[in-house]
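In: Build me a structure from this.
(one chain, ligands or ions: 1)
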Amino acid sequence: MTSGRGEESSLPAGGPARHIPVLLAEVIAALEPREGAAFVDGTFGAGGYTSAILETAGAKVIAIDRDPDAIAAGQALVAQSKGRLTLVSGVFSELDVIAREAGCEALQGIVLDIGVSSMQIDEAVRGFSFRFEGPLDMRMGQIGRSAADIINTADAEELADILFYFGEERQARRLTRAIVNDRAQTPFTTTRQLASLCERVIPTKPTQIHAATRTFQALRIAVNDELGELTRALAAAERALAPGGVLAIVTFHSLEDRIVKQFFAERSGRGQARSRLLPGEPVPPKPTFDLEPGQPVSAGAAELEANPRSRSARLRFARRTDAPALGLVGAWAELASLPARKPVSTKTAPGDPAYNRSTSDRSASSQSPGKGRPNKSGGR
Ligand SMILES: C[S@@+](CC[C@H](N)C(=O)[O-])C[C@H]1O[C@@H](n2cnc3c(N)ncnc32)[C@H](O)[C@@H]1O
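Out: Okay, here's the model as predicted:
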């Protein structure tokens with residue numbers, strides 16, 4: 001059994017594994033479920049967090065997943081819950097609307113476990129894994145533009161941006177040239193076809209991650225608009241939580257973790273010296289979250305041993321204050337829009353030699369490296 005988000009660890013024998021929830025004890029400790037309280041699990045998956053919350057008598061859960069397979073598999077838990085679990089097919093960026101429609105206005109906790117489940121990654125037909133031959137799909141919701149659609153139809157600039165920003169792939173330009181060249185002969189239809197191209201273009205040593213790792217991550221993020229979903233979900237959670245309610249987010253890669261970290265830092269007013277404002281300087285809005293100490297939380301030795309895929313998981317959580325929600329404005333709003341979203345980090349960016357292109361040949365690279373990065377004023 002596996003936790004479902006790494007590509008490097010051993011694969012299950014005999015078909016898709018059931019998902020093991022990561023950082024389960026830590027997530028439940030952060031949420032503090034109690035009788036009568038309502039929670040949103042925005043990433044139901046195999047229902048690991050939801051089941052644990054429901055163990056508290058009288059606690060209610062509104063669980064969301066965009067994958068119809070997860071919703072179908074969850075019906076047994078719905079039946080067992082005796083009305084305490086509402087399972088909704090939808091996206092977590094709309095969690096405030098979904099919770100309201102389910103009759104919950106004031107939530108005591110929201111949890112998001114970002115990424116794919118074991119069932120998704122280990123099911124060859126879903127096309128998430130470069131290790132299995134399958135259709136180049138990667139759609140969690142099973143609708144919309146597939147990975148093959150992007151690879152076969154995106155123009156070279158969009159493709160290079162996706163690989164560079166969403167995969168942090170330094171060979172984005174080389175890979176893009178090879179893809180554009182190959183697809184003119186034969187369109188890409190399968191996972192192994194694309195993985196073979198990556199192996200050909202990026203020679204790797206056995207000690208390094210597989211040549212296709214970053215490309216597959218980039219495509220998955222693009223296909224499912226994962227960073228846009230996350231950014232909008234942060235704002236939805238800020239609107240939906242009752243004062244004192246907790247937002248807990250488990251991420252699996254640095255792009256997502258950086259967004260969550262920056263959101264919490266900004267919304268908790270970290271770094272703002274309110275007493276030192278100069279006369280006439282605008283007073284910053286009141287913090288909407290209190291950051292809990294000791295973060296991020298990662299898996300301990302026992303969990304790492306039992307489940308090596310948990311090693312990249314990071315939990316961050318914060319408690320809602322009674323200040324009015326601030327919403328997504330400025331740079332945060334830019335982050336939530338496609339295409340050519342900028343990375344939150346300034347470390348690698350269009351000016352980076354790795355990107356290997358002039359600043360005049362494309363709109364995205366003509367922007368400064370920091371553009372799109374929320375800052376103290378931009379996010380309010
Ligand atoms: C890592 S798994 C969650 C596993 C879950 N915590 C458990 O214990 O079984 C992530 C799940 O979230 C779903 N998901 C990802 N992005 C989503 C989104 N934007 N809206 C709704 N569900 C999403 C995926 O389909 C997948 O089933």
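In: Spell out the secondary structure type for residue 192.
Out: Assigned state for residue 192: helix (three-state reduction, DSSP: H, G, I helix; E, B strand; the rest coil).
In: show me the contacts for it.
Out: Shown in contact with residue 192 (CB atoms under 8 Å, 6 or more residues apart in numbering): 130, 132-133. Backbone N, C-alpha and C define where each C-beta goes, glycine included.
In: And the strands in the stretch 101-250 of the chain, which stretches?
Out: In the stretch 101-250 of the chain, the segments counted as strands under DSSP state E, counting those that start in this stretch are 107-113, 241-251.
In: deepest of the ones you listed, which one?
Out: Among these, ranked by average contacts under mean count of other CB atoms under 10 Å, first place goes to strand 107-113 (a mean of 27).
In: could you check the angle strand 241-251 makes with that strand?
Out: Angle of strand 107-113 versus strand 241-251, following axes from the mean of the first three to the mean of the last three CA atoms, to 10 degrees, is 10 degrees.
In: Nearest to the ligand: which residue in the stretch 201-350 of the chain?
Out: Across the stretch 201-350 of the chain, the shortest distance to the ligand (CB to the nearest ligand atom) belongs to residue 229, at 3.7 Å.
In: got the buried residues for the helix or strand hosting residue 78?
Out: If you go by DSSP states H and E, residue 78 is part of helix 75-80. Neighbour-count burial for helix 75-80, counted by 16 or more other CB atoms under 10 Å, picks out 77-78.
In: circling back: in terms of pLDDT, where does the residue of the stretch 201-350 of the chain closest to the ligand sit?
Out: Per-residue confidence at residue 229 stands at 95 (pLDDT).
In: helix, strand or coil for the residue located most distally from the centre of the chain?
Out: Computed with CA atoms, centre = their mean, the residue of the chain farthest from its C-alpha average is residue 279, at 40.8 Å. Of the three states, residue 279 takes coil under three-state DSSP.
In: In contact with it, which residues?
Out: Listed by CB under 8 Å, 6+ apart, residue 279 has no contact partners.
In: could the contacts of residue 192 go into CSV alongside pLDDT and distance to residue 184?
Out: Below are the contacts of residue 192 laid out as CSV (pLDDT from 0 to 100; distance: CB to CB, whole Å):
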residue, pLDDT, distance to residue 184
130, 96, 22
132, 95, 26
133, 97, 23
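In: Can you tell me which of those comes closest to residue 57?
Out: Set against residue 57, the nearest of the contacts of residue 192 by CB to CB is residue 132 (41.7 Å).
In: can you tell me which residues contact the nearest residue to the closest one once chain neighbours are set aside?
Out: Distance criterion CB to CB, 6 or more residues apart in numbering; nearest residue to residue 132, sequence neighbours excluded, is residue 124 at 3.7 Å. Residue 124 is in contact with 132-134, 191, counting by CB under 8 Å, 6+ apart.
In: Quick one: buried ones out of the contacts of residue 192?
Out: By neighbour count, with 16+ other CB under 10 Å, those hold 130, 132 as buried.
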